[in-house]
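# Got a predicted model here, sequence first, then my questions.
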Amino acid sequence: MGLFDKLTGTKHPEAGAAPRPAEELRTALLGLNRPDVPYLISDGAAHGADLVAEWRIDEPAWQHIFVQSQLTHAVRIRMRLAEDVPEVRAVQESWEVTRVGNPPRLKTSATYERGGGRTISRQYTLRRGESGRLEAAESFSFDSAQLTDPLRTTTLASGWTWRGVIFGKL
């Protein structure tokens, strides 16, 4: 893996892994959708891609999680399945969001970023441990890798390369 691959987040499958057909990979990626995950993977035609994965920040069942996490960026990953190579070309896009009103709702700003990045949010609670001393215990955790990692893992397990795209077309 070269320096540019490292910068873009490109990962290659294990040597000798036979790539599965594109339709099987597409089905496997869409199969990651479950009610208990904070993201949704859907058809990406409206976004100029084959598939799109994004946070469920607008869904009422998930709003409290994103408000509690103090999330500052909404993330979308657009994916193109390039059968001839075979690789999934992925562009990560993010927008800055703020909370307004009561109850809080997210408002998107004009700030837009393209390329890899990772957002981690953790909250800690101070409490007395078994020894009687104060300890910081993690009470909440949110990591944007919860979106990227399952997509990348599924792609690699299907024998395809996960190629992060920063410049150029998807």
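Perfect, I can see it now.
# contacts and neighbour counts: CA atoms only from here.
OK.
# residues in contact with the longest helix along the chain?
In the chain, with assignment by DSSP state H, the single longest helix is helix 145-157. Here helix 145-157 makes contact (C-alpha atoms under 8 Å, 6 or more residues apart in numbering) with 11-14, 25, 28-29, 32, 38-39, 53-55, 88, 118-119, 161-162.
# How about stretch 17-27?
Contacts of stretch 17-27 (C-alpha under 8 Å, 6+ apart): 81, 83, 86, 154-155, 158-160.
# how does it look with 7 Å?
81, 83, 155, 158-160 (C-alpha atoms under 7 Å, 6 or more residues apart in numbering).
# ok now stretch 150-159, how far from the chain's centre?
Its chain's C-alpha centre and that of stretch 150-159 lie 13 Å apart, by C-alpha atoms, centre = their mean, to the nearest Å.
# could you pull out the strands for the protein?
Listed in chain order, the strands of the chain (DSSP state E) span 39-43, 51-55, 73-82, 87-100, 105-114, 120-128, 134-143, 161-164.
# Now do the longest one and strand 51-55, the angle between them.
So the one you mean is strand 87-100. Here strand 87-100 runs at an angle of 30 degrees relative to strand 51-55 (axes from the mean of the first three to the mean of the last three C-alpha atoms, to 10 degrees).
# what packs against strand 87-100?
The contact analysis (3 or more C-alpha pairs under 7 Å, 6 or more residues apart in numbering; DSSP states H and E) places strand 87-100 against strand 73-82, strand 105-114, strand 161-164.
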